[in-house]
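> Test case, fold it:
(one chain, ligands or ions: 2)
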Amino acid sequence: METHVLGFPRIGRNRELKFALEAHWRGELAAGELEAAARELKQRHWRIQRDAGLDYVAVGDFSLYDQMLDATLMIGAVPGRFSPLAGGPEPDLLFAMARGDAGRGIPALEMTKWFDTNYHYLVPELPSRPDFRPGGHPAVADAGLARELGFTAKAVLIGPFTWIALAKARGEGLDKWSLLPPVLDAYKTTLAQLARHCPIIQVDEPILCTDWLPAGVPSRFASAYGELKAAASGARLMLATYFGALGGSLEPALAAGCDILHLDLKRGPEQLDPVLAALPRNQVLSLGVVDGRNVWKNNFAETLPLVEKAVSSLGGERVMLGTSCSLLHCPVDLEGEDALPEPIRDRLAFAAQKCGELAALRRLAGGGDRCRLAANREILERARAHPDARIEEVGRRCAAATPEMLRRASAIGDRRAAQAWLGLPPFPATTIGSFPQTPEIRRARRDRKRGELSEEGYREAIRKEIGDCVRKQEELGLDVLVHGEAERNDMVEYFGERLKGFCFTQNGWVQSYGSRCVKPPIIHGDVRREGPMTLEWSLYAQSLTRKPVKGMLTGPVTILAWSFVRDDLERSEVCKQIALAIRDEVGDLERAGIRVIQIDEAALREGMPLTAEKAGAYLRWAVDSFRLASSGVADSTQIHTHMCYSEFNAILPWIAEMDADVISVESSRGGMELLDAFDGFNYPGAVGPGVYDIHSPRVPSEEEILGLLEKALKHIDKGLLWVNPDCGLKTRRWSEVMPSLENMMAAARKLRAREA
Ligand code: GLN
Ligand code: ZN
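Ligands and ions are numbered 1, 2, ... in the order given. Predicted coordinates:
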C-alpha cells in the first residue's frame with residue numbers, strides 16, 4: 001500500500017513564504033531571492049513527507065500565490081487588461097493578476113472561497129472570445145528539481161473541469177464548456193512534461209463532489225481524460241476527488257479511466273461500498289482517510305476497518321492511503337506548541353504529524369505496530385474523559401432547548417411598532433461595527449500581551465478609543481451608533497478567548513489567500529459562557545451618548561465556521577452550544593439597556609455543503625442556531641444581522657427565516673445587482689445594502705452613494721431601507737473613513753428631504 005498527501009501547506013511553519021512575499025512586494029527582496037526562499041520551503045516540505053515514510057512527495061502544490069492562478073497562467077487565460085505586463089520579468093504578471101497593478105491602474109482578478117473552505121482562490125475570467133496563450137506550470141520545474149534531489153515526486157494540478165466550472169464568463173453569450181478543447185491542449189503539454197519526472201500525476205477534480213456541473217458535462221469526462229491519459233503516457237494519472245462523496249458523479253469519475261481514483265472518506269465515507277463494487281480491475285483506489293480539514297489525531301480504530309475492507313476487496317497493491325484533501329487547510333507543525341494544555345495537545349495532529357499518521361496506518365494495516373494502536377486508543381479515550389469534554393450543564397441546556405426558544409413573541413411586521421420608541425428617522429444610518437484599528441490600539445494590545453501595560457491601563461486605552469469613536473459618529477450624525485470594536489483583534493478569536501471549550505495555538509497559521517493567514521481557534525470541549533463578554537464596552541459607549549448604541553456579537557454559525565471543531569460531536573450540536581452562550585450575552589445586553597443588538601453571521605453561506613441535499617439540512621440547523629441566539633428578546637429590542645457576501649439569491653428565503661429585524665449585506669461592488677433577488681421575494685425585514693465599498697481605499701462621492709440608494713429603492717420598500725457601509729471599517733484609515741461616511745450621511749439626508 002503506497003502512501004501520499006494530496007498537498008502540503010506552503011506558507012511555512014514560521015510563515016516564511018508570507019514574509020518573503022511581503023518583502024518582495026515592498027521592493028526589499030529581489031525576484032531571485034524570493035525564488036530561493038520558495039525553493040528552500042519546498043525542499044523542507046518534501047523532506048518532511050519523505051522522512052515521515054511517505055512513498056511520494058507532492059510537487060506543484062506549492063504556489064507563490066494561488067494554485068488556481070497557476071493553472072490559469074498555464075492555460076493562458078490572461079485578461080486583456082494585463083497585456084502591458086505580458087513578456088515582462090517572471091512573477092510580475094502573476095502578482096499583477098493576484099493583486100492588481102496600482103501604478104497602471106489595473107484591477108486584480110476577483111477572489112472567492114475555494115469550495116466550502118476558508119481558502120480564497122483567484123477567479124479566472126473568460127471574455128466572449130478567449131484567446132489562450134498557454135504558459136508553463138511551476139510544477140514542471142519543481143518536479144525536475146525534486147527528481148534531481150532524489151525524491152519520488154507526484155505532481156499535483158487542478159483539473160480542467162474544476163477550472164472551467166469555477167471560471168467566470170464575462171463576455172456575452174459565451175458557453176464556457178465550449179472551451180474544453182483548448183483548455184485540454186494546455187493540460188496535455190504540461191502533462192507530457194511532468195510525465196518525464198513523475199511516476200504519478202494527480203489531477204484534482206473536487207467539482208465532482210458538488211452538483212454544480214451542468215447536465216451534459218459529466219459525460220465528457222471519459223473522452224477528455226482519455227486524451228489526458230495519452231498525453232501523460234509513462235506516468236500514472238490519479239483523479240483526485242474531495243470535499244464530499246462522489247454520489248451522482250461516480251459514473252463519470254470511473255469512466256475517466258484514470259489509473260488511480262482518490263476518494264475523500266472523511267467527508268464521504270458512504271461512498272466506499274459503491275466504489276468498491278464498481279471499480280474497474282485496472283484502477284487503483286486511494287483512500288483519503290487522514291483529515292486535511294481538521295487538526296485532530298486520526299482515530300486508527302475507526303480508520304483501519306475501512307482500509308481493511310478495501311484491501312480485502314481489491315488486494316493491497318490496488319490500495320493507496322492518503323489525506324482526504326490537501327493539507328493546505330490545516331496548520332503546518334505541532335512542534336513547538338508548548339502552551340497548549342497537555343491533554344489537548346495530545347489529541348492534535350497538524351500537517352507534519354498527519355504525514356506520520358499515514359505511514360503508521362500502513363504499518364497497522366499490515367499487522368505491525370500494535371502498540372501504536374493501543375496508544376492511539378488510550379489518548380482518544382483520555383481526551384473523551386477530560387472534564388471539559390462534557391460539561392453536564394451544557395448538555396442539559398442543549399437538550400432542554402425548546403422550539404419556543406427559537407421564536408420571537410410577535411412576527412417581524414408586528415414588531416416594528418414595538419421598536420418605534422427608537423425614534424429613528426427614515427433611512428436610518430448606521431455602520432457594521434468596527435472602526436479603524438489605529439496604531440494606538442495595536443500598541444496597547446501588544447503592550448498588554450507583553451505585560452508592559454496593566455489590565456487597567458489597557459482598559460483605559462480602549463475606553464479612550466471608544467470615546468473618540470462615539471464622538472466622531474455623533475459628529476457625523478449617524479442614527480444607531482457602535483462602540484467600534486477596538487478591543488477585538490478578531491471577531492471570532494475575541495469570543496473564543498472568553499468562552500470555555502476553546503483553545504489557541506501559538507503558530508497554527510493557515511493560509512487564507514496570498515500572504516494572508518488566519519489562526520483559527522480550536523473548539524475542543526463543550527462551549528460555555530462564564531460571564532458577560534461585551535457588556536462593559538457597549539455600556540461604556542452608551543454612557544457617552546443619547547443615541548442608541550448597537551451591541552455587537554459574532555453569531556454561532558460564524559464562530560463555528562472559522563474554528564477547528566471537535567470531531568467527537570456533531571457540528572450542529574457544537575453550534576447549538578455556542579448559540580446558547582450568545583443568547584445569554586444577548587440577554588445581558590438587553591437587560592442592561594442595550595436594545596439594538598447585531599449578531600454577525602458573516603460565514604453563514606460559506607459553510608454551506610456542496611450539494612443541495614446536504615445544504616438543506618445545514619441551513620435548517622444553522623438558521624435555528626441563529627434564532628436560538630437571537631430570539632430571547634422582547635419585541636421592542638431590535639435584532640440586526642450582517643452578512644458579507646452578495647451572492648445569496650438562492651438562500652434568500654433562509655435569510656428571511658433568520659427573522660432578524662434588520663439585515664445588512666455587501667452590495668456596492670455589484671452596483672446593487674444583488675437586490676434583484678428581492679424583487680421576486682417579498683422580504684419581510686429591513687435591509688441595509690452596503691453603499692460604501694470598504695474593501696477599497698477609495699472615497700465614494702455623495703452622488704455615487706445617492707445613486708446606489710436610489711437603485712436600492714427600486715427593490716426595497718422605502719420604510720425598510722437602511723443606510724450603511726458594506727462591512728466593518730477596521731482595515732481602513734480614519735482619513736478614508738471620515739470623508740466616506742460624511743458623503744454617506746449627506747446622501748442619506750438628501751434622500752430624507754426628498755422622500756419626506
Ligand atoms: N462587526 C464586524 C466588523 O464590523 C463584522 C465583520 C465582518 O462581517 N466580517 O468588523
Ligand atoms: Zn462583513
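> what residue is smack in the middle of this protein?
In the chain, the residue lying closest to the centroid (C-alpha atoms, centre = their mean) is N118, at 1.6 Å.
> which SS state does that one fall under?
coil (DSSP: H, G, I helix; E, B strand; the rest coil).
> Now do the contacts for it.
Contact partners of N118, counting by C-beta atoms under 8 Å, 6 or more residues apart in numbering, are H329, V510, S512, V518, P520, A561, W562, E606. Just so you know, the C-beta spots here come from the backbone N, C-alpha and C atoms, and that holds for glycine as well.
> Could you tell me the phi and psi values at it?
Backbone geometry at N118, expressed as degrees, to the nearest 10, gives phi -100, psi 10.
> Could you give the number of residues near the closest residue to ligand 2 within the chain?
Nearest residue of the chain to ligand 2: C644, at 2.7 Å (C-beta to the ion). C644 has 22 neighbours, counted by other C-beta atoms under 10 Å.
> and what of H715?
There are 17 residues near H715, going by other C-beta under 10 Å.
> same thing with E570?
Quick note: E570 (other C-beta under 10 Å) scores 11 neighbours.
> residue contacts, the residue of the stretch 201-350 of the chain found nearest ligand 1?
Among the residues of the stretch 201-350 of the chain, H329 lies closest to ligand 1, at 19.7 Å counting by C-beta to the nearest ligand atom. Going by C-beta under 8 Å, 6+ apart, H329 touches T117, N118, Y119, G292, R293, V510.
> and the two most separated of those?
Maximum pairwise distance in the contacts of H329, criterion C-beta to C-beta, is 13.0 Å, between N118 and G292.
> among the contacts of N118, which are in strands?
V510, S512, V518 (DSSP state E).
> So the last one sits against V510, correct?
This points to V518. Yes: at 5.8 Å, V518 counts as touching V510 under the criterion of C-beta atoms under 8 Å.
> More neighbours: which of the two?
Set side by side, V518 and V510 show more neighbours around V510, with 23 against 17, by other C-beta under 10 Å.
> How confident was the prediction at that one?
pLDDT recorded at V510 is 97.
> Ok, M672 next?
78.
> burial measure for it, as a count.
For M672, the count of nearby residues is 24 (other C-beta under 10 Å).
> Tell me if I'm right that L589 and W537 touch.
No: applying C-beta under 8 Å as the test, L589 and W537 come out as separate, 10.7 Å apart.
> More neighbours: which of the two?
Per other C-beta under 10 Å, whichever of L589 and W537 has more neighbours is L589, with 27 against 24.
> residues of the one helix or strand that one maps to that come out buried?
Here L589 sits within helix 571-591, counting by DSSP states H and E. Residues of helix 571-591 classed as buried by neighbour count (16 or more other C-beta atoms under 10 Å): 571, 574-586, 588-590.
> who's in contact with stretch 453-464?
E440, I441, A444, R445, D447, R448, A486, E487, W537, Y540.
> Farthest-apart pair in the residues you listed, please.
D447 and Y540 (20.5 Å).
> Skipping its backbone neighbours, what lies nearest K297 in space?
Excluding the flanking residues, the one nearest K297 by C-beta to C-beta, 6 or more residues apart in numbering is A349, at 4.6 Å.
> An error on my part: the question was meant for Q49.
V57 (4.4 Å).
> and the worst-scoring helix or strand of the chain on mean pLDDT, how far from the chain's centre?
When the helices and strands of the chain are scored by mean pLDDT, DSSP states H and E, helix 676-679 comes last with a mean of 84. Between the centre of helix 676-679 and the centre of its chain there are 26 Å (C-alpha atoms, centre = their mean, to the nearest Å).
> which secondary structure elements does that helix contact?
Applying 3 or more C-beta pairs under 8 Å, 6 or more residues apart in numbering; DSSP states H and E, we find helix 676-679 packed against no helix or strand.
> just checking, next helix/strand downstream of it?
Next element after helix 676-679 (DSSP H and E): strand 686-689.
> Show me the contact partners of that next one.
So strand 686-689 is in contact with 430, 661-665, 667-668, 672, 674-675, 678, 708, 712, 716, 720-724, going by C-beta under 8 Å, 6+ apart.
> Can you tell me which of these end up in strands?
Per DSSP E, the subset of the contacts of strand 686-689 in strands is V662, I663, S664, V665.
> Quick one: residues contacting F648.
F648 neighbours (C-beta under 8 Å, 6+ apart): R605, I655, V665, L674, A677.
> next one: L652
Counting by C-beta under 8 Å, 6+ apart, L652 has contacts A677, F678, F681, Y683.
> about what we covered before: mind listing what's buried in the least confident helix or strand of the chain?
Counting neighbours by 16+ other C-beta under 10 Å, helix 676-679 gives A677, F678 as buried.
> what's it in contact with?
F648, N649, L652, V687, H715, I716.
> redo that, cut-off 7 Å
Residues external to helix 676-679 that are found in contact with it (C-beta atoms under 7 Å, 6 or more residues apart in numbering): N649, L652, H715, I716.
> Could you do stretch 15-24 as well?
R10, I11, L29, A31, L34, A37, A38, L41, W509, G514, S515, C517.
> related to what we said a few turns ago, could you dump the ones in strands among the contacts of strand 686-689 into TSV with pLDDT and neighbour count added?
As requested, the ones in strands among the contacts of strand 686-689 are exported to TSV (pLDDT from 0 to 100; neighbours: other C-beta atoms under 10 Å):
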residue	pLDDT	neighbour count
V662	98	23
I663	97	22
S664	95	28
V665	91	21
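> of all these, which two lie farthest apart?
Pairwise over the ones in strands among the contacts of strand 686-689, using C-beta to C-beta, the maximum falls at V662 and V665, 10.7 Å.
> one step back: identify the farthest-apart pair in the contacts of F648.
Greatest spatial distance among the contacts of F648 (C-beta to C-beta): R605 and A677, at 13.0 Å.
> Could you list everything the one residue in the stretch 451-600 of the chain that gets nearest to ligand 1 pairs with in the sheet?
In the stretch 451-600 of the chain, the residue that lies nearest ligand 1 is D600 (4.7 Å; C-beta to the nearest ligand atom). Note on D600: beta-bridge partners by DSSP bridges are T554, H642.
> you'd agree it is up against P556?
No: using C-beta atoms under 7 Å, D600 is not in contact with P556; the gap is 10.6 Å.
> Neighbour count for these two, which is higher?
P556 (29 against 25).
> dump the residue contacts of that one.
Here P556 is in contact with C575, I578, A579, I582, S625, F626, A629 (C-beta under 7 Å, 6+ apart).
> T430 versus that one, what's the distance?
Relative to T430, P556 is positioned 23 Å away (C-beta to C-beta, to the nearest Å).
> Also S313?
Taken as C-beta to C-beta, the span from S313 to T430 is 60 Å.
> can you give me the strands for the stretch 101-250 of the chain?
111-113, 120-122, 125-126, 153-158, 168-169, 200-204, 236-240 (DSSP state E, counting those that start in this stretch).
> Please convert these to TSV, extending it with distance to E475.
TSV is the format used below for the strands of the stretch 101-250 of the chain (distance: least, C-beta to C-beta, whole Å):
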stretch	distance to E475
strand 111-113	35
strand 120-122	36
strand 125-126	42
strand 153-158	50
strand 168-169	41
strand 200-204	53
strand 236-240	56
